[in-house]
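**Q** Fold the following and give me the result.
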Amino acid sequence: MSAPSQVHNIAPPGKQQEKSAAMRRRICEGAVSCLSARGYHRASIKQVVDAAGVSLGALQHHFPTKDDLVEATAEFLLSRSVRWFQRAKLNINKDKDAFGAMIRRSWREQFTTEEYGALLEILVAARTNETLRKRISPTLKNWRRDIEIELRDLLPANDENADELEAILTIGRCMMTGLLVHDGLLGDELRMRNVVDAWVGLATGSSR
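**A** From the prediction side, this is the model:
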C-alpha cells in the first residue's frame, strides 16, 4: 500500500506576492505615522512595529535596516502621490482654471496630511545623511518628472518654453513646502490658503 501523498500548505506564487506586498504596505503605513508624529530621529523600529501591529521579525524580514525601511517608505509615499495626481487629473476640467484647481486640491489633500509630514521628515534627514540621500534621490527624481508631466498640460501658458514651465512647477512645489513649514507652525490656515491662491494667480497670469 502506497504512502499517502503529503499536502504542503504553500500559497501559490501570486498569493504569496500579494501577501508580501500587503505586509510591506502595512509596515510602511506604520512608519508614516511614526515619522509624522515623532520625526525622523525619534522614530524607532520598535515604534513602527507597534504602529503597524506586526512582529519585529516580520518587519526585519522585509526591511533588515532602518535605512531600508525609510527608503521603502519614501518610495511608497512618492508613488502614492503620483497616483493621486493621475486620479485627480481625471476629475479636473481642462479649462483656464485647471492648474489652479489641481494646485488648491493638492494643498488640501496632500500637503496638509500626515503622509506629507512623514515625507518632509525624510527629505530633511536626507539633507545631511548622504547615504539616505543617495538611496532616495532616484525615486525623488522620477517623482518630480512624473508630477511635472501630470501638471504641464494644465497650465494655460502653452507658449512658454520648457525651462520656464519647469521653473513655474518647481517654484510652486517649493513654495507650498516652505509655506507648510513656516506658516504651518503658526496654524494660520486662512493665510496659507490665501497665499496658495495668490501663487496660482501669478503662475497662470490671472493676477496680471
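
**Q** other SSEs contacting the helix or strand Asn194 falls within?
**A** If you go by DSSP states H and E, Asn194 is part of helix 189-204. Judged by 3 or more CB pairs under 8 Å, 6 or more residues apart in numbering; DSSP states H and E, helix 189-204 is in contact with helix 98-106, helix 162-182. C-beta here means a position set from N, CA and C on the backbone, and glycine is covered the same way.

**Q** quick one: contacts of it?
**A** If you take CB atoms under 8 Å, 6 or more residues apart in numbering as the criterion, helix 189-204 is touched by 96-97, 99-100, 103-104, 107, 155-157, 168, 171-172, 175-176, 179-180, 183-184, 206-207.

**Q** Can you select the buried ones from the residues you listed in ChimeraX?
**A** Buried residues within those, by 16 or more other CB atoms under 10 Å, are selected in ChimeraX with:
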select :97,99,100,103,104,107,155,156,168,172,175,176,179,180,184
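
**Q** mean confidence for the strand or helix carrying Gln47?
**A** Using DSSP H and E, Gln47 falls within helix 45-52. Helix 45-52 shows an average pLDDT of 96 in the prediction.

**Q** now stretch 181-197
**A** On average, stretch 181-197 scores 86.

**Q** First-to-last residue distance for that stretch?
**A** Length of stretch 181-197, first residue to last, CA to CA, to the nearest Å: 18 Å.

**Q** And for stretch 62-71?
**A** From its first residue to its last, stretch 62-71 covers 12 Å (CA to CA).

**Q** Check stretch 37-56 too.
**A** First-to-last residue span, stretch 37-56, CA to CA: 20 Å.

**Q** Check stretch 100-115 too.
**A** Across stretch 100-115, first to last residue, CA to CA, it's 22 Å.
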